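1. predicted coordinates and the sequence they were generated for:
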Protein chains: 2
Amino acid sequence: MIAEGVVVVERLLASPYPVRGLLGVRRRIEALDLSDLDVPAYVTSAEVMASVVGFHLNRGVLAAADRAPAVSFDALADRSQRLAVLEGVGDHENLGSIFRNAAALGVDGVVLGPGCSDPLYRRSVRVSMGHVLRVPFATTDQWPAALNSLRHKGFTVAALTPRASALHLADAGLRGRRVAVLLGSEGPGLTEEAISAADLAVRIPMSSGVDSLNVATAGAVAFYALL
Amino acid sequence: MIAEGVVVVERLLASPYPVRGLLGVRRRIEALDLSDLDVPAYVTSAEVMASVVGFHLNRGVLAAADRAPAVSFDALADRSQRLAVLEGVGDHENLGSIFRNAAALGVDGVVLGPGCSDPLYRRSVRVSMGHVLRVPFATTDQWPAALNSLRHKGFTVAALTPRASALHLADAGLRGRRVAVLLGSEGPGLTEEAISAADLAVRIPMSSGVDSLNVATAGAVAFYALL
């Protein structure tokens, strides 16, 4: 995976991801603490950076790393109190934003169900501000069986949906409980089978005539409501 | 201003903005109800659309409109129960997202303080899903005097900031009151003079080591907390 910019590269250096090397302009490389790092850090010109990145508005430093070993679904669930569980979130920016919001609002991990993109795609890493490297995630293709597993592990699985029959988020009694918030893709939303496999459906009360919120924004509101 | 795509053009047609004309491919033009519209709607090819828009991934229909008459700060404040007040929000996507979230979460209007972009910039219109055409906004250069005016009109002005000394949003007693939520730019945040002119500073509790949330996301959480 590739990390871009001083803030994200700092998060990479603090993560378990094995760094291969860095490339950057002098000012950016010197902004990093590389004293404990046993990998090459190449200093180059803005022109070479632009030709490597493909455009001039890059952030002046890149790092390449291998993936950290994957976390299993069971291991992640067993050690988490609050989870975000995603179905069909293919948009890289939304995915990155969900990780940023999860990190800020006390979510312990993210479960990627079917149809989700790779959180380590460069755009997701950047939009997440590097939090894809801090918030652990696991992938599952047991769907919707994974939701039943979460219930057996003691989670309340709450499907977030704009439908009117869902409970108001604030009235669902989720605060302080072990909760998995189920989020779907922005267009079609969650599948019926995922909603059916959840313990309950919750909604954010919204003004009439308005599209649902962006999935990352809706997730942030839900994470906040759990705190 | 320019509206792009069926959903945003529909919102434009339902708004007080005087439409000049439409241009689109047949499928998109036919998806619109133009029966009460006394302006030209030109049907063209995808190739002409691409050359007009400048890229192929356009949404197949454009509408051009004049601005609706501006709303004054006083008129907007006097008729609103909940306001978002922005300082230095120059990013067009963030600005558009704030309008989308305001529309969804019951905010009656947006006040644009110094350093804000034009909500009718094309990218903001698109990201807002057209809600810049539904949520009224007013501009002020009386800063931070406008915040004092809001207080005199009976608003509680709550500055949203990540600083630790601020009150937890849920403990600030804002729910059900007439509130103006003050939001700053994502990088530097609100100015000291704006925070000083507010009645109180509120924060969203966040995990340590995490950057603040995106300004539009933080705004959505605050709007939700007021409902």
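-> Here it is on my side, so go on.

2. for chain A, which segments are assigned as helices?
-> A:6-13, A:26-30, A:46-53, A:73-78, A:92-104, A:122-127, A:145-152, A:192-197, A:215-226 (DSSP state H).

3. so who does the residue sitting nearest the centre point of chain A touch?
-> Centroid-nearest residue in chain A: residue A:99, 2.6 Å away (criterion: C-alpha atoms, centre = their mean). Taking C-beta atoms under 8 Å, 6 or more residues apart in numbering or on different chains, we find residue A:99 in contact with A:110, A:119, A:124, A:128, A:131, A:132, A:135, A:137. Any C-beta I mention is one placed from the backbone N, CA and C, and that applies to glycine too.

4. nearest to chain B, of those?
-> In terms of C-beta to the nearest C-beta, no member of the contacts of residue A:99 lies closer to chain B than residue A:131, at 7.2 Å.

5. pretty sure that closest one contacts residue A:97?
-> No - at 9.7 Å, residue A:131 does not count as touching residue A:97 under the criterion of C-beta atoms under 8 Å.

6. now residue A:172: how far from chain B?
-> 14 Å (C-beta to the nearest C-beta, to the nearest Å).

7. how about that residue: what's its closest non-neighbour residue?
-> Sequence neighbours aside, residue A:202 is the residue nearest to residue A:172 in space, at 4.8 Å (criterion: C-beta to C-beta, 6 or more residues apart in numbering or on different chains).

8. burial count for residue A:7?
-> Close neighbours of residue A:7, defined as other C-beta atoms under 10 Å in any protein chain shown, add up to 15.

9. ok, it - contacts?
-> By C-beta under 8 Å, 6+ apart, the neighbours of residue A:7 are A:129, A:130, B:211.

10. I'd like to know how far the first one sits from chain B.
-> The span separating residue A:129 from chain B equals 5 Å under the rule C-beta to the nearest C-beta.

11. quick one: that residue from residue A:12, how far?
-> Using C-beta to C-beta, to the nearest Å, residue A:129 is found at 12 Å from residue A:12.

12. who touches the lowest-mean-pLDDT helix or strand in chain A?
-> Ranking every helix and strand in chain A by mean pLDDT, DSSP states H and E puts helix A:46-53 at the bottom, with a mean of 90. Residues from elsewhere that reach helix A:46-53, judged by C-beta under 8 Å, 6+ apart: A:4, A:23, A:24, A:25, A:56, A:58, A:60, A:62.

13. closest to residue A:189 out of the residues you listed?
-> residue A:4 (31.6 Å; C-beta to C-beta).

14. measure residue A:105 to chain B for me?
-> For residue A:105, the distance to chain B - C-beta to the nearest C-beta - is 7 Å.

15. is it true that that residue touches residue A:223?
-> Yes - assessed by C-beta under 8 Å, residue A:105 is found in contact with residue A:223 at 3.8 Å.

16. the two: which is more packed in?
-> residue A:105 (26 against 22).

17. check the gap between that one and residue B:218 for me.
-> Counting by C-beta to C-beta, the gap from residue A:105 to residue B:218 is 11 Å.

18. residues shared between the contacts of those two?
-> With C-beta under 8 Å, 6+ apart as the test, residue A:105 and residue B:218 both reach residue B:204.

19. re earlier: from the chain's centre, how far out does the least confident helix or strand of chain A sit?
-> Offset of helix A:46-53 from its chain centre (C-alpha atoms, centre = their mean, to the nearest Å): 28 Å.

20. same deal with stretch A:180-190?
-> 14 Å.

21. any idea how far apart the tips of that stretch sit?
-> Using C-alpha to C-alpha, to the nearest Å, the end-to-end distance of stretch A:180-190 comes to 14 Å.

22. next one: stretch A:63-79
-> Chord length of stretch A:63-79, first to last residue, is 30 Å (C-alpha to C-alpha).

23. wait, doesn't residue A:177 sit right on residue A:156?
-> Yes - between residue A:177 and residue A:156 a contact is recorded at 5.3 Å, counting by C-beta under 8 Å.

24. these two: who's more crowded?
-> Neighbours were counted for residue A:177 and for residue A:156 using other C-beta under 10 Å; residue A:156 has more, 17 against 14.

25. distance of residue A:105 relative to residue B:219?
-> To residue B:219, residue A:105 is 15 Å away according to C-beta to C-beta.

26. break chain A into its domains for me.
-> In terms of domains, chain A is parsed into A:2-65, A:73-226 (source: automatic domain parsing).

27. save these as JSON lines, and put in distance to residue B:71 too.
-> As requested, the domains of chain A are exported to JSON lines (distance: least, C-beta to C-beta, whole Å):
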{"stretch": "domain A:2-65", "distance to residue B:71": "36"}
{"stretch": "domain A:73-226", "distance to residue B:71": "19"}
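
28. what does chain A put close to chain B?
-> Contacts of chain A with chain B, taken as C-beta under 8 Å from any C-beta of the partner chain, map to A:7, A:97, A:100-101, A:103-106, A:129, A:131, A:134, A:204-207, A:209-214, A:216-217, A:220-221, A:224-225, A:227.

29. what's the PyMOL line that selects buried ones from those residues?
-> This is how PyMOL selects the buried members of the residues of chain A next to chain B, with burial counted by 16 or more other C-beta atoms under 10 Å in any protein chain shown:
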select buried, chain A and resi 97+100+101+103+104+105+106+129+131+134+204+205+206+210+212+213+214+216+217+220+221+224+225+227
